[in-house]
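Could you work out the structure for the sequence below:
(one chain, ligands or ions: 2)
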Amino acid sequence: MGKVKNYILKHASVRFNDNLSPALLIVNFTAPMEMKFDQNKNMLDEERQGEATLIKSNYSGNSRKLYLESYGCQMNFSDSEIVASILCDEGFTTTANQLEADVVLLNTCAIRENAESRVRQRLQDFKKEKKNRPGLIIGLLGCMAERLKEKLLEEEKLVDLIAGPDAYRDLPSLISQVDGGQKAINVLLSREETYADINPVRLDSNGVVAYISIMRGCDNMCSFCVVPFTRGRERSRDPESIVKEATDLFNSGYREVTLLGQNVDSYIYAGGGLKKEILTYEQKSNATSFSELLVMVAKVSPELRVRFSTSNPRDMTDDVLHAIASNQNICNYIHLPVQSGSTNVLKNMNRGYSRGVYMDRIKAIQTIIPDCAISTDLIAGFCGETEEEHKETLSLMEWVGYDFAYTFKYSERPGTQAQRNYKDDILPEVKSRRLAEIIKMQQKLSALSIKKMKGNTYRVLIEGFSKKSDDYFRGRNSQNAVCVFPKEDYKPGEYVNVLTEDCTPATLIGRVVHDQQPVY
Ligand code: 5AD
Ligand code: SF4
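Ligands and ions are numbered 1, 2, ... in the order given. Take a look at the predicted model:
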């Protein structure tokens, strides 16, 4: 906290009526995905965009009400739980009704341009609300706050408060500044902050699957990506606090945790805050690596499933694959973004691997973990991408046989290496056509993947009702494929063996069996 410095921007022209109880509005925004394959809930979940975060608070009655709306990747949703937890300790309660909020916070995403447009549109709704209730406090958090900083206060005149991803402990003081009639901003990035000691009490989850942030920031500097600028330098969280959070979750009934980081394979903890480049040889050999962390979390209980996201082809080592292969409760599923199938495009993207190196990583997965599901991220129409290079992406997709993919049109982001060094020269209609070809290819591959699974019996963790009928439950197998089956007397949080007898292009349909051993 001592290291956090506040910038108070005094705008004499915008002062709020001190007699009115101010309202706190938190809004967290992200980019909509061009394409999402539903089984994978770890990345951008279109259905969750704009969801309000609700957590348990010790306060009630006259407490100030916080409406916190989140957008973007799962990391942002986890951050919103941290934000809500910090403010609930300060006397707030969370609400799902923006009309009763004293404070509205939007937790935003900046990864593609359409993510930001969405936030700006949403701010128009709050503008109307603020006209009726001038005491309402409106704050912007997350990546868009970090990218635009004080520009946001000038551009979006109704915003009272701006806080970047490393400034959430400072929110109570930022809100007091707004209470005092000032605008408040803290967008300082930290080399230490991991929020390790903040364990949010989740109220609105299904009580079965939870997410745990294990690190923050990213040091990779992929040329298209704004994340290193908005989330700062990479730092890993103390493994003890991660294991404790997993244990607490297991003891309160959760049966699956997903360990989250921009690049989990690069996780290394050697006592706090240190950057891995400056660790001495001795510090490195005593440090906890990602594969060691995975095993530590898996040991919490054989009944606790462990997943993780996101892996990076340049950092994923075989010890991680061996940890998955030798621990039954670490799921057989890896999200390994490739972005492009062309070595030349990958070089311009500064991804640090070639098509051949990526293929070698896939071969290692398939050898060490047979039946491991693999998903990816792909960008269509990056600067200078030729038709041939686009075709290399399609052929690589087919060679890998991805189970799922998240696919995007390239969106130029201000300040990135790509924006500074290359021309965004692929025509919009060409980007759209290439994206459509990528989506079509993935639909074929996803349908094939589901068909291949059909007929097998899987151990499925029940998460809740199927989307279509309350007579059916929905859960996932180790490979992250969604299975739907008659609910009988089972309960969410239980494991069942499901014989998959049918399928749609995205879902396995089956029934619980007792006389067959699951393949996984
Ligand atoms: N344009 C399009 N897609 C992007 N991604 C990141 N930055 C951009 C951008 N500027 C995609 C990448 C990344 C995923 C989270 O978002 O595929 O893996
Ligand atoms: Fe962005 Fe690359 Fe870091 Fe992923 S690994 S967050 S794409 S810079």
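
OK, contacts around Pro518?
Pro518 is in contact with 456-459, 497, counting by C-beta atoms under 8 Å, 6 or more residues apart in numbering. For the C-beta atoms, the positions are set from N, CA and C on the backbone; glycine is no exception.

Leaving aside the residues adjacent along the chain, what's closest to it?
Of all residues not flanking Pro518 in the chain, Arg459 sits nearest, at 4.2 Å (C-beta to C-beta, 6 or more residues apart in numbering).

Output the contacting helices and strands for the helix or strand the one you found falls within.
Here Arg459 sits within strand 457-465, counting by DSSP states H and E. Strand 457-465 sits against strand 472-476, strand 482-486, strand 495-503, with contacts defined as 3 or more C-beta pairs under 8 Å, 6 or more residues apart in numbering; DSSP states H and E.

Look at the nearest residue to Thr393 once chain neighbours are set aside and report its pLDDT.
Setting aside the residues directly before and after it, Thr393 is nearest to Gly341 in space (C-beta to C-beta, 6+ apart), at 3.8 Å. pLDDT for Gly341: 98.

isn't Gly341 right up against Tyr402?
No. With contact defined as C-beta atoms under 8 Å, Gly341 does not reach Tyr402; the gap is 11.2 Å.

Quick one: the strands in the stretch 301-450 of the chain, in order.
For the stretch 301-450 of the chain, the strands defined by DSSP state E, counting those that start in this stretch occupy 305-309, 333-335, 373-380, 404-409.

Close to ligand 2: what parts of the chain are there?
Within the chain, the positions adjacent to ligand 2 are 218, 220-222, 225, 227-228, 262-263, 312 by C-beta under 6 Å from any ligand atom.

Quick check: bridge partners of the residue nearest to Pro518?
Bridge pairing for Arg459 (DSSP bridges) gives the partners Asn497.

Please renumber the chain so that the first residue is 791 from this point on.
All set: I'll call the first residue 791, so the last point we hit is now Arg1249.

any idea how far Ser868 is from Leu1049?
Using C-beta to C-beta, to the nearest Å, we find Ser868 at a distance of 11 Å from Leu1049.

any residues in contact with both of these two?
In contact with both Ser868 and Leu1049: Ile1002, using C-beta under 8 Å, 6+ apart.

Strands of the stretch 841-990 of the chain, start to end?
Using DSSP E, counting those that start in this stretch, the strands of the stretch 841-990 of the chain run over 841-842, 854-860, 882-884, 893-898, 927-931, 951-953, 973-976.

now those in TSV, with mean pLDDT and distance to Arg1151?
Shown next, in TSV, are the strands of the stretch 841-990 of the chain (pLDDT from 0 to 100; distance: least, C-beta to C-beta, whole Å):
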stretch	mean pLDDT	distance to Arg1151
strand 841-842	79	34
strand 854-860	94	32
strand 882-884	92	42
strand 893-898	96	33
strand 927-931	96	35
strand 951-953	96	37
strand 973-976	93	39
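
To ligand 1, which of those strands lies closest?
For ligand 1, the closest of the strands of the stretch 841-990 of the chain is strand 893-898, at 14.9 Å, according to C-beta to the nearest ligand atom.

for the closest one, packing partners?
In this structure, strand 893-898 packs against strand 814-818, strand 854-860, helix 864-879, helix 903-922, strand 927-931, helix 932-938, with contacts taken as 3+ C-beta pairs under 8 Å, 6+ apart.

what comes up buried for stretch 1253-1273?
Residues of stretch 1253-1273 classed as buried: 1253-1256, 1263-1273 (neighbour count, 16 or more other C-beta atoms under 10 Å).

Can you tell me which of those residues is closest to Ser1239?
Distance ranking of the buried residues of stretch 1253-1273 against Ser1239, using C-beta to C-beta, places Ala1271 first at 7.6 Å.
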